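Would you be able to build a 3D model of this:
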Amino acid sequence: MLFILKKMHQQNYRKLLMLLLISLVSISGFAQTLSLYDAVNRSISNYPLIQQRQSEVAASKAHISTVNANRLPSLKILEEVNVGTANNLPGGYFSLGIIPSLSGSITSQENTNTMSGNFAVSYLEWQFYTFGYYNAQKKNAEAALSTTTAILNGDKYLLTENTIALYLDWVKKYRLLQIEKENLQRSETIFNAIRATVQSGLKPGVDSSTAGAVYARSRIAYIQAQNEYQNDLISMATYTGLRTDNIVPDTNVVADADKLNINSIASSDSVALNNPLLDIYEKQYEQQLSQNKVLSRVFLPKLSLEGAGWMRGSSISPTNVYASDLSNGLSYTRSNYLFGLSLSYNITDIKHQHDQIVEGRYYAQAKQQALQTQQLTLGRILQQANAAYASTLLKLNELPIQLGSSQQAYEQQMALYRAGLNTLIDVTNAQFVLKQTETDYVLVQDDLLQLLYIRAGYNNQLDNFLQNFKK
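Take a look at the predicted model:
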């Protein structure tokens, strides 16, 4: 029985040693330490969503230039050379698109003689006064730019939050992996010690079997911790664009947090009004108000300056004689000009204008209510974080004492077991308590860091928070 256990232990030990060597090489042999500050900056530079938002901001800026160009007059130039007939009848018609010109002589009977003509025209139209419509369009375009900029800043804020949360979880998984590694080494030490005493006949064989089971459980826990660490590593590499075999977390982030001047980060139970997540809703509300102003102006009268000049040539003489030489119609023989000032106003659009303005008011109310909802949601999260922060500090003050006592208890129980003064159960219980205390310490430290960045973020001080982790 002892021979079989010994052989199994040697095989498993070689496999575990190989796994540890691979892990150490991949984790620390050729990897660079990635700080929290650099992780956030790399994520913002690398993540495609931010690049998308930046393009949308650029498009909004270009739209302002497009709207400004609406003030420019419209100037159209046309020249035609035509060959056809001039066989017309008097009477009016509704123009429903491009139709042949009816200008020309009116005859008492069918006339299919061919004529030629030349025509050039220049037409100017300028709506120089629109009762505030152009200004409303410009302000609406500027409001749209403010909204897209707010969305960009909000996505940067969310990406920063997500990167910080992921990074801190990555650090936590790395530290928990080290705990499992140390616990595996303790299990191996216990197993070796028990095997020696069993072989010498000082302890029963059941202790060796029990220690082997504990050792196997520790290996499984280590493998699981390694898998969880790798999952976070892949996620972090996705955010930052770095290779998974090239980065390890900076575990000094915990020590840096202990040195963090918490008083430099103001805290309150209400979210800062300039918080990027609130600013999005505020800018959307303001954009809707500006859109409503555009609607109130679009149906108002418009003053336009119009001007036209044209020249005309025709192979038909003023006495209605058709020239046999069609080239006679290619020279200009008449010229005209026309200027005018027009006022246009569609009075039947009053009902339509009223309906659209009412619709816009409801949209504005909805966006204002969305802003209030977001304020309540973020305020609740901040208050919960403040409440949890106080209790986390209390736990963090007690855990070092518990950790020291657990380490002493484990060492004492191990010494007593070697002296034959206690049982294996006492040792494994002490080992379990020590591992649990080490794990709790890491988890509470992670909770504190998570609460610190939430409080800093909702008070719009994430930049101040990150400066503490700049290397």
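
quick one: buried residues of stretch 335-350?
For stretch 335-350, a neighbour-count test (16 or more other C-beta atoms under 10 Å) marks nothing as buried. All C-beta spots, glycine's among them, are computed from the backbone N, C-alpha and C.

could you point out where the chain is predicted with low confidence?
Applying pLDDT under 70 to the predicted model, the residue ranges of the chain that meet it are 1-30, 87-105, 196-206, 256-267.

need the helices for it, in chain order.
Under the criterion DSSP state H, the chain contains helices at 2-24, 36-46, 48-68, 133-199, 205-240, 252-259, 276-298, 350-418, 424-458, 462-467.

What would stretch 383-400 look like as PDB? C-alpha coordinates only.
Listed next in PDB are the C-alpha coordinates belonging to stretch 383-400 (Å, rounded to 0.1, in the frame of the first residue of the first chain):
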ATOM      1  CA  GLN A 383     -24.800  55.400  -1.200                       C
ATOM      2  CA  GLN A 384     -24.400  51.600  -1.100                       C
ATOM      3  CA  ALA A 385     -20.700  52.000  -1.800                       C
ATOM      4  CA  ASN A 386     -20.300  54.500   1.000                       C
ATOM      5  CA  ALA A 387     -22.100  52.200   3.500                       C
ATOM      6  CA  ALA A 388     -20.000  49.200   2.400                       C
ATOM      7  CA  TYR A 389     -16.800  51.200   2.500                       C
ATOM      8  CA  ALA A 390     -17.000  51.900   6.300                       C
ATOM      9  CA  SER A 391     -17.600  48.200   7.100                       C
ATOM     10  CA  THR A 392     -14.800  47.100   4.800                       C
ATOM     11  CA  LEU A 393     -12.400  49.300   6.600                       C
ATOM     12  CA  LEU A 394     -13.400  47.700   9.900                       C
ATOM     13  CA  LYS A 395     -12.900  44.200   8.500                       C
ATOM     14  CA  LEU A 396      -9.500  45.200   7.000                       C
ATOM     15  CA  ASN A 397      -8.300  46.300  10.400                       C
ATOM     16  CA  GLU A 398      -9.200  42.900  12.000                       C
ATOM     17  CA  LEU A 399      -7.900  40.600   9.300                       C
ATOM     18  CA  PRO A 400      -4.100  41.100   9.800                       C
END
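
hmm, who's touching it?
Contact partners of stretch 383-400, identified using C-beta atoms under 8 Å, 6 or more residues apart in numbering, comprise 267, 269, 437, 440-441, 444-445, 447-448, 451-452, 454-455, 458.

surely residue 276 meets residue 159?
No. Residue 276 lies out of contact with residue 159 (C-beta atoms under 8 Å); the separation is 10.8 Å.

Which one's more surrounded, these two?
Set side by side, residue 276 and residue 159 give different neighbour counts by other C-beta atoms under 10 Å, the larger being at residue 276 (21 against 18).

Tell me who's in contact with that one.
150, 153, 154, 156, 157, 460.

how near is it to residue 286?
Applying C-beta to C-beta, to the nearest Å, one obtains 15 Å for the distance of residue 276 from residue 286.

what's the answer for residue 427, then?
In this structure, residue 427 and residue 286 are 68 Å apart, going by C-beta to C-beta.

cool, residue 328 as well?
From residue 328 over to residue 286 the distance is 65 Å, taken as C-beta to C-beta.

Please apply the same query to residue 238.
The spacing between residue 238 and residue 286, counted by C-beta to C-beta, is 35 Å.

Backbone torsions only: list them for residue 315.
Reported as degrees, to the nearest 10, the phi and psi values for residue 315 are phi -80, psi 0.

Name the nearest residue to it, ignoring sequence neighbours.
Distance criterion C-beta to C-beta, 6 or more residues apart in numbering; nearest residue to residue 315, sequence neighbours excluded, is residue 329 at 3.4 Å.

Return the residues in contact with the one you found.
Neighbours of residue 329 in contact, by C-beta under 8 Å, 6+ apart: 115, 116, 117, 118, 313, 314, 315, 316, 323.

Before I go, just wanted to say thanks for your time.
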